[in-house]
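> build me a model:
(one chain, ligands or ions: 2)
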Amino acid sequence: MKNISFGNVKIDGFWGRRTEINRTATLDTVYNRFKDTGRFDAVACNWREGMPNKPHIFWDSDIAKWIEAAAYSIRYTPDSELERKIDETVDLIAANQTEDGYFNSYYLSVEPENRFTQRDNHELYCAGHLTEAAIAYYEATGKDKFLKVMCKYIDLIERIFKDEDSAAFCTPGHEEIELALVRLYDCTGEKRYLELSRHFIEQRGRCEKDLNCRNWCGSDYDQSEVPVREQKDAHGHSVRAAYLYCGMADIAARTGDKSLFDACDTIFDNIINKRMYITGGIGSSSHGEAFADDYVLPNDVAYSETCASIALALFARRMSAICPDSKYADAAERAIYNSVLAGVSLDGHAFFYVNPLEINIDRHNVRKKFYESRENLLTERIEVFGCSCCPPNLARFVSSIGDFLYTIDENTLYIHHYMESEAEFEGIKVLQQTRYPCEGGVRITVSGMKGKTVAVRIPGWTKYVSLNGEKLDARVEKGYAYIDITKDEQLLDFWFEMKARLVASNPLIDGNEGRAALCRGPVVYCAESVLNDNIKLNNVILDRNLSAGLIFNEEVGTYEAKVKGFVDKPCDELYFDLDCAETEEKEIRMLPYYGYANHGESDMLVWFRVTDK
Ligand code: FUB
Ligand code: ZN
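Numbers count the residues shown, from 1 in each chain. Ligands and ions are numbered 1, 2, ... in the order given. You can find the predicted model right below:
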């Protein structure tokens, strides 16, 4: 099955607005902060001891993701200034690439004699991101200078890691290059690149050199303790892990390797059934930015890095393209509308790296004072981080969001996600008219599919679906409704009932007992004290008999909700007899989770106590 690229899909509506904010605000902010902090200048490779802005081992990946984002944007909105910035950077990279093809701004400036000696120093990770950027820029503009630079570098990597096996390690300490190599294969048709990706995936967990080269967290931190097919759950550093799974799925898709697909599927099930927040956040532990054990999903100390949710969505998208089962697109959608979007402010200028499901400023202050680094405990978004992987990742993700909508095989067009959009590919046109995620109605007009089938994903959150005004009566398999197309141009008027609902969590999740989260469609809601008369949110008990007043909120682009709740009455005593506890009724204003922290510092809560009846 083939994935349809965002380049064939013109997005409008909710995502059109987010894409425009991304283009006009996020791209500039990320560029400017990366310029101020020396990230772009580092590629001149002229930093020497004593100078400011010492290059960091993965700065190349930061600028690469920005270039990728800018390239995606240029594809729809030509922008000579963006091209100038990219060309200037590419020229420096090309000028500093060594004779034999190597490029890494940290190593070339700081320790040129040590290249490919430290497995955990991100050289292959940076090479992967630079490769993705080079492909994106080539596909957007036809300019191939960067692509040639990266092919030369990858050829060196192939020689060192595959032909000679002469580096101090065998596989990347931070995965990413695996998926980039598959993209390079797709772009150039060079089978060697696919083979190199497969080589890295097959070597993982098998190579003595890697096992001797243990990092501070042990080899399960970077998914190297056993070969990939023996890994039964998602563990270790969550971004590393999910990028690895993307690479595995890519190889499975290109080679038909069933055992690799099955390994991905087992891990995917472990994530969505046991290790994922309701927001689609993964990697709950700040120690090692890692997956914790099953059901360990604390809310206030959640790590849930933005990049990890992005990586989960990318993994899920790849799985959808191999096997049409709606569990994949459901998970992608959960991440996209919640933990991914929460990573960026509504105005597009500021970012979260960590995405908790509860903020309690008083508790935060205690933790800030005594235990944790400031960046783990932000209550408001900022423009750049010391480790600033998430902002450019968001930028590239939003600007290529159209990648998620469609896959196609000989006879069937699969529609995985709903966004106001027009798409054209392979003689087919698909028009989606929808106010999604505000409303569950999607009018799909398909042309060029007569005699074939359209498979439409039924979102996991809906309880009732109609097609052209009647209750859906079609073959439904693994969450997709299969519709035979009998006309040159056919209208499919889908309606997915989208009601506000209270969602409970598995009782094994510690801390959510007796609590529920308000959701509507794919969107998870939260409340902020700053929008609710500064009440303490853990004093709120939501009425289980939900009736939510929905009001369109222009700023967030969908509805906010007003729901009935009861608030514990304040009292003077520290402790008192339970019989004396009193509550008073209060309307609680809830916003989509992705819209929190846009109105000043505040407590925030997703999981609420609910009344017994
Ligand atoms: O190590 C590179 C990136 O920075 C990772 O993907 C993130 O988790 C952060 O550690
Ligand atoms: Zn990140």
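
> okay, now P52: neighbour count?
Neighbours of P52 under the rule other CB atoms under 10 Å: 7. No exception for glycine: its C-beta is placed from N, CA and C like everyone else's.

> now the closest residue to it other than its chain neighbours: how far from R589?
In this structure, P52 finds its nearest non-sequential neighbour in G38, 7.0 Å apart by CB to CB, 6 or more residues apart in numbering. With distances taken as CB to CB, to the nearest Å, G38 is found 43 Å from R589.

> for whichever residue of the stretch 301-450 of the chain sits closest to ligand 1, which non-adjacent residue is spatially closest?
In the stretch 301-450 of the chain, the residue found nearest to ligand 1 is C389; the distance is 4.0 Å by CB to the nearest ligand atom. Closest residue to C389 apart from its sequence neighbours, by CB to CB, 6+ apart: C307 at 5.3 Å.

> next SSE downstream of the helix or strand hosting the one you found?
Element membership for C307, per DSSP states H and E: helix 306-320. Per DSSP H and E, helix 306-320 leads on to helix 326-335 as the next helix or strand towards the C-terminus.

> got the angle for the helix or strand where P392 lies vs helix 306-320?
Using DSSP H and E, P392 sits in helix 390-399. Interaxial angle, helix 390-399 versus helix 306-320 (axes from the mean of the first three to the mean of the last three CA atoms, to 10 degrees): 30 degrees.

> helix or strand right after helix 390-399?
By DSSP H and E, the next helix or strand past helix 390-399 is strand 406-408.

> so how far is that following strand from its chain's centroid?
Put simply, strand 406-408 sits 20 Å off its chain's centre (CA atoms, centre = their mean, to the nearest Å).

> please name every helix or strand in contact with it.
Using 3 or more CB pairs under 8 Å, 6 or more residues apart in numbering; DSSP states H and E, the elements in contact with strand 406-408 are strand 2-3, strand 412-415, strand 421-425.

> for stretch 179-190, buried residues please.
Within stretch 179-190, the residues that count as buried by 16 or more other CB atoms under 10 Å are L179, A180, L181, V182, R183, L184, Y185, D186, C187, E190.

> quick one: contacts for the residue of the stretch 451-600 of the chain at minimum distance from ligand 2?
Ligand 2 sits closest to Y594 of the stretch 451-600 of the chain, with a gap of 16.6 Å, by CB to the ion. Going by CB atoms under 8 Å, 6 or more residues apart in numbering, Y594 touches Y337, N338, V340, L341, A342, V523, V556.

> just the closest of these to G236, please.
Nearest to G236 among the contacts of Y594 is V340, at 21.0 Å by CB to CB.

> nearest spatial neighbour of the closest one, chain-adjacent residues omitted?
Closest to V340 by CB to CB, 6+ apart is S309, at 4.8 Å.

> count the neighbours of that neighbour for me.
35.

> from this structure, which residue is nearest to ligand 1?
V239 (3.6 Å).

> so which helix or strand takes in that residue?
helix 238-255.

> may I see the buried residues of that helix?
Quick answer for helix 238-255 (16+ other CB under 10 Å): 238-253.

> circling back to that earlier point, quick check: the residue nearest to V340 vs E470, distance?
Distance, S309 to E470, by CB to CB: 37 Å.

> same check, this time on R17
The spacing between R17 and E470, counted by CB to CB, is 33 Å.

> between these two, tell me which one has more neighbours.
R17 (13 against 8).

> give me the residue from the stretch 251-400 of the chain nearest ligand 2.
At 3.0 Å from ligand 2, C307 is the closest residue in the stretch 251-400 of the chain, using CB to the ion.

> and that residue, what is it in contact with?
When contacts are counted by CB under 8 Å, 6+ apart, C307 touches V239, C389, C390, N393.

> check the offset of stretch 182-194 from the chain's centre.
That offset, for stretch 182-194, works out to 24 Å (CA atoms, centre = their mean).

> now the helix holding C307 - C-alpha only, CSV.
What follows is helix 306-320, C-alpha atoms only, in CSV (Å, rounded to 0.1, in the frame of the first residue of the first chain):
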residue,chain,number,x,y,z
THR,A,306,6.3,16.4,22.4
CYS,A,307,8.8,14.7,20.1
ALA,A,308,7.6,11.3,21.5
SER,A,309,4.0,12.0,20.6
ILE,A,310,5.1,13.1,17.1
ALA,A,311,7.1,9.9,16.8
LEU,A,312,4.1,7.8,17.9
ALA,A,313,1.9,9.5,15.3
LEU,A,314,4.6,8.8,12.6
PHE,A,315,4.8,5.1,13.7
ALA,A,316,1.0,4.8,13.7
ARG,A,317,0.8,6.3,10.2
ARG,A,318,3.3,3.8,8.9
MET,A,319,1.3,0.9,10.4
SER,A,320,-1.9,2.2,8.8
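
> hmm, that helix touching ligand 1?
Yes. On the criterion CB under 6 Å from any ligand atom, helix 306-320 is in touch with ligand 1 at C307.

> tell me the mean pLDDT for that helix?
Predicted confidence along helix 306-320 averages 98 (mean pLDDT).

> report the separation between A127 and ligand 2.
Note on A127: its distance to ligand 2, by CB to the ion, to the nearest Å, is 18 Å.

> name the element that residue belongs to?
helix 123-141.

> who does that helix touch, helix- and strand-wise?
Using 3+ CB pairs under 8 Å, 6+ apart: helix 123-141 touches helix 59-76, helix 80-96, helix 145-157, helix 177-188.

> redo the ones you listed as TSV? Include mean pLDDT and distance to ligand 1.
TSV is the format used below for those (pLDDT from 0 to 100; distance: least, CB to the nearest ligand atom, whole Å):
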stretch	mean pLDDT	distance to ligand 1
helix 59-76	98	7
helix 80-96	98	19
helix 145-157	98	18
helix 177-188	98	13
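
> most tightly surrounded among those helices?
Among the helices and strands packed on helix 123-141, ranked by average contacts under mean count of other CB atoms under 10 Å, first place goes to helix 59-76 (a mean of 26).

> ok and that one relative to helix 145-157, angle-wise?
Going by the same axes, to 10 degrees, helix 59-76 makes 140 degrees with helix 145-157.

> list the contacts for the most centrally placed residue in the chain?
Taking CA atoms, centre = their mean, the centroid of the chain lies closest to I310, which sits 1.0 Å from it. I310 makes contact with A335, V340, G343, N393, L394, F397, according to CB under 8 Å, 6+ apart.

> give the burial count for M1, as a bare number.
Around M1 there are 14 residues (other CB under 10 Å).

> surely it and I322 touch.
Yes. If you go by CB atoms under 8 Å, M1 and I322 touch, sitting 6.7 Å apart.

> overlap in contacts, those two.
Residues touching both M1 and I322 comprise A253, with contact defined as CB under 8 Å, 6+ apart.

> which residues of this structure lie near ligand 2?
E305, C307, C389, C390 (CB under 5 Å from the ion).

> which pair in those spans the largest distance?
Among the residues of the chain next to ligand 2, E305 and C389 lie farthest apart (CB to CB), at 8.1 Å.

> only alpha carbons, please: show the helix or strand of the chain with the lowest mean pLDDT as PDB.
None of the helices or strands of the chain scores lower by mean pLDDT, DSSP states H and E than helix 208-212, at a mean of 84. This file holds the C-alpha atoms of helix 208-212, laid out as PDB (Å, rounded to 0.1, in the frame of the first residue of the first chain):
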ATOM      1  CA  GLU A 208      29.100  -7.200  20.800                       C
ATOM      2  CA  LYS A 209      30.500  -3.700  20.200                       C
ATOM      3  CA  ASP A 210      27.200  -2.100  21.000                       C
ATOM      4  CA  LEU A 211      26.700  -4.100  24.100                       C
ATOM      5  CA  ASN A 212      30.200  -3.100  25.400                       C
END
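
> quick one: low-confidence parts of the chain?
For the chain, the stretches with pLDDT under 70 are 212-217, 374.

> how about the residues of it by ligand 1?
Residues of the chain lying near ligand 1 (CB under 6 Å from any ligand atom): F58, H174, V239, E289, E305, C307, C387, C389.

> what's the most distant pair in those residues?
Longest span within the residues of the chain next to ligand 1, CB to CB: F58 and E305, 14.1 Å.

> and the residue of the stretch 301-450 of the chain closest to ligand 1, how close does it get to D269?
In terms of CB to CB, C389 sits 27 Å off from D269.
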